[in-house]
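[1] I need the structure of the sequence given here:
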Amino acid sequence: MQQEVIIAGFGGQGVLFAGQLLSYTALDEGKEVTWIPSYGPEMRGGTANCTVVVSDEEIGSPFVKNPTAVIAMNLPSLEKFEDMVEEGGVLVVNASMVNRGVERDDIKVVSIPANEIAQEIGSERAVNMVMLGALLGNLDLLSLDALDKALDNHLPERHKKFLPMNKEALRRGAEYKTEAVEPA
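    Numbers count the residues shown, from 1 in each chain. Predicted coordinates:
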């Protein structure tokens, strides 16, 4: 099994942290992992994305042309990465930040109002965890329990007070199931 995931959005949305958490979880589960961040010099408010490759075997290259899955946290990310998702792959879209539908009909789409869910939980900063939960709820990659454990083990001490909120965000995101789009 090898899965390639691109997580993309604006700087400040927790894109890189979501990728790191996914990577730590995979490592904790004994998987092979690569994580490559990419962000503009302006950081907060600029574009940011990361690529995570998770495999049962040694990874030949950390670079990905057609990822198994993409998390698009905003419209520019959807526009940049939608065409790259491999046929039959999963595209998780933050419906709170995207004002158009997905144009592909050969991929599975999860359109989730992540900002609203995060606000219900108590902080819009949990959007990244809502989106990550939606990915894991729709892609056979890692379990939510493993991600919970990784949060416990890898979240910096100063952020431990956010554990319950992050875990709730993951669970709420995982409740959103894939809409299989039928070819026209």
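[2] show me what counts as buried in the longest helix along the chain.
    Longest helix in the chain, counting residues (DSSP state H): helix 15-28. Across helix 15-28, burial judged by 16 or more other Cβ atoms under 10 Å covers 15-26, 28. Every C-beta, even on glycine, is put in place using the N, C-alpha and C of the backbone.
[3] using JSON lines, please lay out those residues together with distance to Glu58 and pLDDT.
    JSON lines is the format used below for the buried residues of helix 15-28 (distance: Cβ to Cβ, whole Å; pLDDT from 0 to 100):
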{"residue": "Val15", "distance to Glu58": "26", "pLDDT": "94"}
{"residue": "Leu16", "distance to Glu58": "24", "pLDDT": "93"}
{"residue": "Phe17", "distance to Glu58": "26", "pLDDT": "94"}
{"residue": "Ala18", "distance to Glu58": "24", "pLDDT": "96"}
{"residue": "Gly19", "distance to Glu58": "20", "pLDDT": "96"}
{"residue": "Gln20", "distance to Glu58": "21", "pLDDT": "96"}
{"residue": "Leu21", "distance to Glu58": "22", "pLDDT": "96"}
{"residue": "Leu22", "distance to Glu58": "19", "pLDDT": "97"}
{"residue": "Ser23", "distance to Glu58": "16", "pLDDT": "97"}
{"residue": "Tyr24", "distance to Glu58": "19", "pLDDT": "97"}
{"residue": "Thr25", "distance to Glu58": "19", "pLDDT": "97"}
{"residue": "Ala26", "distance to Glu58": "14", "pLDDT": "97"}
{"residue": "Asp28", "distance to Glu58": "18", "pLDDT": "96"}
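[4] what about the helices in this protein?
    15-28, 75-81, 114-121, 127-136, 144-154, 163-174.
[5] deepest in the core, which of the ones you listed is it.
    helix 127-136 (a mean of 28; mean count of other Cβ atoms under 10 Å).
[6] what helices and strands are in contact with that helix?
    Counting contacts by 3 or more Cβ pairs under 8 Å, 6 or more residues apart in numbering; DSSP states H and E, helix 127-136 is packed against strand 2-10, helix 15-28, strand 69-72, strand 90-94, strand 108-112, helix 114-121, helix 144-154, helix 163-174.
[7] relative to Pro62, which of the ones you listed is closest?
    strand 2-10 (9.3 Å; Cβ to Cβ).
[8] poorly predicted segments of the protein, please.
    40-46, 178-184 (pLDDT under 70).
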